[in-house]
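>>> Give me a model of this one.
(one chain, ligands or ions: 2)
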Amino acid sequence: MADPWQAAMDHAVAVARKAGEMIREALQSDRKIMCKSSSVDLVTKTDQQVEQFIFASIREKFPTHSFIGEESVAAGEPCLLTENPTWIIDPVDGTTNFVHGFPFIAVSIGFVVKKEPEFGVVYSCVEDKMYTGRKGKGAYCNGLPLQVSDQTNINQCIVNSEMGSNRDPEVVDKIFSTIRKILCIPIHGVRGVGTAAVNMSLVASGAVEAYFEIGIHCWDVAAGAVIVTEAGGVVMDVDGGPFDLMSRRVLVANNKTIATRLVKEIDVFPAKRDDAP
Ligand SMILES: O=P(O)(O)OC[C@@]1(O)O[C@H](CO)[C@@H](O)[C@@H]1O
Ligand SMILES: [Mg+2]
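Ligands and ions are numbered 1, 2, ... in the order given. The predicted structure follows:
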């Protein structure tokens, strides 16, 4: 039977690639920085222009679908997931990296139907790596199949995480205490490239065994969650419970053994849900 969403996924790949070209061009010119929730939560005209381009390109083909985009929500659009086919988009994941020219910047396009992720597209546009995952049909990077690491020994792992954009000293203490505990298990190393979408794609590629973060948004992880699952990995809440796209919390790993070992070390702190009133 033909895949009802294959054409949508093919379109998402083409749109992500064009959006990536826009970002690469913008990297050659001055980036005017604006702030959102704080002086370290950055946005630029490029974020807004790329999101408008992606929305317009998708709406043209799928006018009845719903959209959740980072910059539209920042401008006051509701962040509510319904049963309707919904595109969940981060036009520039790694805006701080973009502003600084740090070469990990991704276009993240997730597609969800009846609240179930159907496919994810993450285009790491400086690296020119197109990561894709289609429910039940595997995960790929530039057309080559992705498979998570087969490592089950926590001491042999690299774990991705991020410092986030919360500068409340009590939150920063929890972030650092978690990273300290994990590092001293010990593990081989902690890394983070400044974009959840690429952090998750690196788990799917087997380059690192896990990634977790509290404070991300649905648009950061909607695509990566499908890519990790389709590469044979697991996606869950940082407390080991089921993954909740709107919870602002995510833990992905190559397998349940590594994931549950990490859950023991994560100091959880509150983060307001994406769909909170
Ligand atoms: O606002 P942006 O750039 O679209 O995304 C925010 C983000 O890059 O910041 C976090 C780092 O703490 C990442 O996990 C997340 O993807
Ligand atoms: Mg973004």
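
>>> low-scoring stretches of the protein, by residue?
Nowhere does the chain drop to pLDDT under 70.

>>> Flag every residue of it that's near ligand 2.
If contact is defined as CB under 5 Å from the ion, the residues of the chain in contact with ligand 2 are 70, 90, 92-93. C-beta here means a position set from N, CA and C on the backbone, and glycine is covered the same way.

>>> out of those, which are inside helices?
Restricting the residues of the chain next to ligand 2 to those inside helices, with DSSP state H as the criterion, leaves residue 70.

>>> So is the helix or strand hosting residue 198 next to ligand 1?
Using DSSP states H and E, the secondary-structure element containing residue 198 is helix 196-205. Yes - contact check for helix 196-205 against ligand 1, using CB under 6 Å from any ligand atom: residues in range are residue 196.

>>> need the residues of this protein near ligand 1, please.
70, 90, 92-96, 162, 164-165, 194-196, 213, 216, 220.

>>> now for the strand or helix carrying residue 173, which elements pack on it?
Counting by DSSP H and E, the secondary-structure element that holds residue 173 is helix 169-183. Applying 3 or more CB pairs under 8 Å, 6 or more residues apart in numbering; DSSP states H and E, one finds that helix 169-183 contacts strand 189-191.

>>> Can you list the buried residues in the strand it packs on?
For strand 189-191, a neighbour-count test (16 or more other CB atoms under 10 Å) marks residue 190 as buried.

>>> And for it, what's in contact with it?
Contacts with strand 189-191, where a contact means CB atoms under 8 Å, 6 or more residues apart in numbering, come from 158-161, 179, 182-183, 208.

>>> hey, where'd the strands end up in the stretch 1-150 of the chain?
Listed in chain order, the strands of the stretch 1-150 of the chain (DSSP state E, counting those that start in this stretch) span residues 33-35, 42-44, 66-69, 86-93, 106-113, 116-124, 129-134, 139-141, 144-145.

>>> got those strands as TSV, with mean neighbour count and distance to residue 13 columns?
Conversion of the strands of the stretch 1-150 of the chain to TSV gives the following (neighbours: other CB atoms under 10 Å; distance: least, CB to CB, whole Å):
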stretch	mean neighbour count	distance to residue 13
strand 33-35	12	29
strand 42-44	20	24
strand 66-69	21	18
strand 86-93	28	13
strand 106-113	28	9
strand 116-124	25	6
strand 129-134	24	6
strand 139-141	21	10
strand 144-145	8	15
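
>>> Wait, a strand at residue 235?
Yes - secondary structure of residue 235, determined by DSSP: H, G, I helix; E, B strand; the rest coil: located in a strand.

>>> ok, now which ones touch it?
Listed by CB under 8 Å, 6+ apart, the contact partners of residue 235 are 225, 228-229, 243, 250-252.

>>> Now intersect these with the helices, please.
Assigned to helices by DSSP H, the following of the contacts of residue 235 qualify: 225, 228-229.

>>> ok, so of the residues you listed, who is nearest ligand 2?
Closest approach to ligand 2 among these (CB to the ion): residue 225, at 16.3 Å.

>>> circling back: quick check, nearest of the residues of the chain next to ligand 1 to residue 110?
Distances from residue 110 to the residues of the chain next to ligand 1, taken as CB to CB, are shortest for residue 90 (8.7 Å).

>>> report the longest helix in this protein, please.
With DSSP H setting the assignment, residue counts place helix 6-26 as the longest helix in the chain.

>>> related to what we said a few turns ago, between the helix holding residue 198 and strand 129-134, how many degrees?
Using axes from the mean of the first three to the mean of the last three CA atoms, to 10 degrees, the direction of helix 196-205 lies 70 degrees away from that of strand 129-134.

>>> Please enumerate residues in contact with helix 196-205?
Under the criterion CB under 8 Å, 6+ apart, residues 90, 93-94, 104, 106, 108, 122, 124, 129, 131, 133, 139, 141, 146, 148, 160-162, 192-193, 208-211, 213, 216, 220-221, 223-225, 227-228, 230-231, 233, 250, 252-254 lie in contact with helix 196-205.

>>> What spatial separation is found between residue 174 and residue 262?
Relative to residue 262, residue 174 is positioned 15 Å away (CB to CB, to the nearest Å).

>>> Buried residues, the longest helix of the chain. List them.
Buried-residue list, helix 6-26, by 16+ other CB under 10 Å: 8-9, 11-12, 15-16, 19-20, 22-23, 26.

>>> Understood, closing this out.
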